[in-house]
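**Q** Can you look at this prediction? I've put the sequence above it.
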Amino acid sequence: MTTVSVVLHAPAWGPQHTTPCQAEPELFFPVSEDGPRSIAQITKAKRLCRGCSRVEDCLQNALDEGHDHGIWGGTTTAERRDIRRRRKTAGAAR
Ligand code: SF4
């Protein structure tokens with residue numbers, strides 16, 4: 001499980017780029033986005049993402065690849081869904 005999560009969270013930047021999620025990958029996969037334990041877990045993961053040098057690349061990769069579970073680039077599944085919806089709406093309005 002840990003190995004898979006590390007690979008999932010370092011898709012393009014390889015082992016020379018250490019990111020916070022590589023040290024604690026399980027933190028970035030809460031069982032849900034509700035409830036005090038999950039919310040505390042998500043808050044901690046997002047705080048680590050904010051200090052990550054790859055946060056923008058990570059979010060874009062998650063959006064491009066359609067990752068629908070876990071914290072990526074400082075966002076939850078629901079937040080990425082909102083970003084996709086807003087981008088789609090903005091694209092349709094042009
Ligand atoms: S932004 Fe977050 S999930 Fe993405 S590589 Fe950095 S620490 Fe990991």
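**A** In hand now; what should we look at? Numbers count the residues shown, from 1 in each chain.
**Q** use CA for all of it now, contacts and neighbours both
**A** Noted.
**Q** Could you pull up the residues touching residue 68?
**A** Going by C-alpha atoms under 8 Å, 6 or more residues apart in numbering, residue 68 touches residue 77.
**Q** In this protein, what residue spans correspond to helices?
**A** 2-8, 20-23, 36-50, 55-65, 77-93 (DSSP state H).
**Q** Need these in TSV (columns: distance to the ligand).
**A** Conversion of those to TSV gives the following (distance: least, C-alpha to the nearest ligand atom, whole Å):
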stretch	distance to the ligand
helix 2-8	9
helix 20-23	4
helix 36-50	4
helix 55-65	4
helix 77-93	12
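**Q** could I get the ones you listed as CSV with mean pLDDT, mean neighbour count and distance to residue 30?
**A** Converted to CSV, the helices of the chain look like this (pLDDT from 0 to 100; neighbours: other C-alpha atoms under 10 Å; distance: least, C-alpha to C-alpha, whole Å):
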stretch, mean pLDDT, mean neighbour count, distance to residue 30
helix 2-8, 49, 14, 12
helix 20-23, 89, 18, 13
helix 36-50, 97, 17, 6
helix 55-65, 94, 16, 16
helix 77-93, 92, 13, 10
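**Q** how near is residue 67 to residue 86?
**A** Look at residue 67 and residue 86: by C-alpha to C-alpha, to the nearest Å, they are 17 Å apart.
**Q** Next, name the residue at the spatial heart of this structure.
**A** Nearest to the mean C-alpha position of the chain, by C-alpha atoms, centre = their mean, lies residue 72 at 0.7 Å.
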